[in-house]
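Trainee: Provide a 3D model corresponding to the input given below.
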Amino acid sequence: MSKTKQKNFKAPKGMRDILPEEQIYWEKFLKVAQRLAEDYGWQKIETPILEDVELFIRGTGQTTDIVTKQMYMLKTSGGTRLALRPEQTPGVMRAYLENGMNNLPHPVKLYYFGPMFRHEQPQAGRYRQLYQFGTETIGESAAVLDAQVIQFCFHLFRSLGLKKINTHINSMGCPQCRPAYRRALVDYFRRQKNKLCPDCQKRLKENPFRLLDCKEEKCQPVKTQAPAMLDYLCEQCHRHFKEVLELLDELEIPYFLNSALVRGLDYYTKTVFEFFLEEETQGARMALGGGGRYDNLMKELGGKPTPAVGMALGVDRIVAAMKKEGVKVSPIYNPKIFLVQLGDMGKRKSLKLFEMLHQAGIVTAESFSRDSIKTQLKIADRLGVKYSLILGQQEALDNTIIIRDMQSGVQETVPQEKIIDQIKKRLIKK
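Mentor: Model prediction:
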């Protein structure tokens, strides 16, 4: 009788485990990003990972790669079609409408962090479960808000130790000026159709703006000669974009005008921007994040016309950049004390003492499952703690504890009721 071969389970393709040694970078990013976002006036919002499929079709765009190729979809037993969110902006706009945020003082400023899901070919820096940190500023059309979002990102990168970041910026115009540009694009690319990749030949019919977003090497020479949106902007869009650039100049934030920058989503109007590592600007680029203005999205989702601007940062890529740049991070777990216990009475007393130290704000390590004092002191030494507290049978009976200086090896016995004060004094001296 043949044995059934045991299956070795692995993470699904394009998805991964974020292990403890990498968490220190994620914790640093989140700590800095959340504090800075709140300093800028954004408040945290969380939306469901699953949303109605139609929300993304209407919000993100029916012909975008996200909708046509990348969404994870499922149908419930009741027939409802849901999708794992590929991005969060439509979900935040849905929450704004559903929860009556239109009645709040404007602009409404929200930020989020969480996993997104896109079924695309995994490669370096690109995962099927990816993490984004983003902001949305809803209810005002002023150019200063566009500049503020870019300022926040610039400030955040600097705070994380990433100083070699390039900002690329463009304008996508508005429904008034974009049709003329669309016609110019179609006329140009039709003449170059035989030089385009198969996907771009389809985009020429369905969504010509996506032609500028193609990453295929074959299409790059054709893209460089394409008409630029900036030459077709109406007076209002031109004035808005000019004001954004003047504000960035005032803030001394360097930027590159990039006429091929359109972003991968249909809802953008006017300002669009992306951030790249400086060393990658001339070669194959991978954006650390980007965003722009989307003044018509709320109307597409059934609300009143409401201007908005936002951005999303790829946290996986930013963490990779932090590691590559050698950004210094502090360990999440950094104990100063190690609690050594011996015997049954020592172990019982140690559990209570551990809680007392924790309540006093003293981060303490332990190895309660070990019995050998030699083994426990080796662990304490490896952790680099300043002091070890030794609690054995005799100390448990005498209500005392031994404080061992791990550097000098000097030991002193003190009453247990004085241990908190004694440790605090010694840590201050150290």
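Trainee: per-residue confidence averaged over the helix or strand residue 26 falls within?
Mentor: Using DSSP states H and E, the element containing residue 26 is helix 20-39. Helix 20-39 shows a mean pLDDT of 95.
Trainee: Sheet-wise, list the partners of the helix or strand following that helix with their directions.
Mentor: Using DSSP H and E, the next helix or strand after helix 20-39 towards the C-terminus is strand 43-44. Paired neighbours of strand 43-44 in the sheet (DSSP bridges): strand 108-117 (parallel).
Trainee: Now do the next helix or strand after the strand it pairs with: which elements does it pack against?
Mentor: Scanning forward in sequence from strand 108-117 by DSSP H and E, the next helix or strand is strand 129-138. Packing partners of strand 129-138 (3 or more Cβ pairs under 8 Å, 6 or more residues apart in numbering; DSSP states H and E): helix 20-39, helix 89-98, strand 108-117, helix 143-159, strand 308-314, helix 315-324. (C-beta placed from N, C-alpha, C; glycine too.)
Trainee: and of those, who's closest to residue 255?
Mentor: Between residue 255 and the helices and strands packed on strand 129-138, the tightest spacing by Cβ to Cβ is seen for helix 143-159, at 7.9 Å.
Trainee: Just the buried residues of the closest one, please?
Mentor: By neighbour count on 16 or more other Cβ atoms under 10 Å, the buried set for helix 143-159 is 143, 145-157.
Trainee: my read: residue 90 touches residue 59, true?
Mentor: Yes: assessed by Cβ atoms under 8 Å, residue 90 is found in contact with residue 59 at 3.2 Å.
Trainee: what's the overlap in contacts for the two?
Mentor: Both residue 90 and residue 59 are contacted by 297, 301, under the criterion Cβ atoms under 8 Å, 6 or more residues apart in numbering.
Trainee: which one of the two has more residues nearby?
Mentor: Neighbour count, other Cβ atoms under 10 Å: between residue 90 and residue 59, residue 90 has more, with 26 against 23.
Trainee: what sits against that one?
Mentor: Counted by Cβ under 8 Å, 6+ apart, residue 90 has contacts 51, 55, 56, 58, 59, 60, 297, 301.
Trainee: and the first one, that's in a helix?
Mentor: No: when classified by DSSP: H, G, I helix; E, B strand; the rest coil, residue 51 is found to be strand rather than part of a helix.
Trainee: what sits opposite it in the beta ladder?
Mentor: Residue 51 has the following beta-bridge partners by DSSP bridges: residue 83.
Trainee: contacting residues around it?
Mentor: 82, 83, 85, 90, 91, 94.
Trainee: pLDDT at the closest residue to residue 218 other than its chain neighbours, what is it?
Mentor: Once flanking residues are discounted, residue 218 sits nearest to residue 197: 5.2 Å by Cβ to Cβ, 6 or more residues apart in numbering. Note for residue 197: predicted pLDDT of 89.
Trainee: Next: residue 430.
Mentor: 61.
Trainee: Likewise for residue 194?
Mentor: Reported pLDDT for residue 194: 84.
Trainee: if I look at it, how far off is residue 222?
Mentor: Counting by Cβ to Cβ, to the nearest Å, the separation of residue 194 from residue 222 is 10 Å.
Trainee: again, but for residue 180
Mentor: Where residue 222 is concerned, residue 180 sits at a distance of 21 Å (Cβ to Cβ).
Trainee: if you count what's nearby, which of the two comes out ahead?
Mentor: residue 222 (19 against 15).
Trainee: what helix or strand is the more buried one on?
Mentor: helix 220-224.
Trainee: just checking, next helix/strand downstream of that helix?
Mentor: Past helix 220-224, the next helix or strand by DSSP H and E is helix 235-250.
Trainee: Please name every helix or strand in contact with that next one.
Mentor: If contacts are counted by 3+ Cβ pairs under 8 Å, 6+ apart, helix 235-250 sits against helix 143-159, strand 165-171, strand 269-277.
Trainee: Pipe the ones you listed into a markdown table and attach distance to residue 100 and mean pLDDT per row.
Mentor: Formatted as a markdown table, the helices and strands packed on helix 235-250 follow (distance: least, Cβ to Cβ, whole Å; pLDDT from 0 to 100):
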| stretch | distance to residue 100 | mean pLDDT |
| --- | --- | --- |
| helix 143-159 | 22 | 97 |
| strand 165-171 | 32 | 95 |
| strand 269-277 | 25 | 94 |
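Trainee: can you list these in a markdown table and add distance to residue 311?
Mentor: Shown next, in a markdown table, are the helices and strands packed on helix 235-250 (distance: least, Cβ to Cβ, whole Å):
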| stretch | distance to residue 311 |
| --- | --- |
| helix 143-159 | 5 |
| strand 165-171 | 11 |
| strand 269-277 | 8 |
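Trainee: Which one, of those, ends up nearest to residue 322?
Mentor: helix 143-159 (10.0 Å).
Trainee: Pull out the buried residues from the helix holding residue 26.
Mentor: Neighbour counts over helix 20-39 (16+ other Cβ under 10 Å) mark 24, 25, 26, 28, 29, 33, 36, 37 as buried.
Trainee: so what secondary structure elements neighbour that helix?
Mentor: Checking 3+ Cβ pairs under 8 Å, 6+ apart, helix 20-39 ends up next to strand 43-44, strand 108-117, strand 129-138, helix 143-159, helix 315-324.
Trainee: Next, format the ones you listed as JSON lines and append distance to residue 292.
Mentor: Below are these laid out as JSON lines (distance: least, Cβ to Cβ, whole Å):
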{"stretch": "strand 43-44", "distance to residue 292": "21"}
{"stretch": "strand 108-117", "distance to residue 292": "16"}
{"stretch": "strand 129-138", "distance to residue 292": "12"}
{"stretch": "helix 143-159", "distance to residue 292": "8"}
{"stretch": "helix 315-324", "distance to residue 292": "18"}
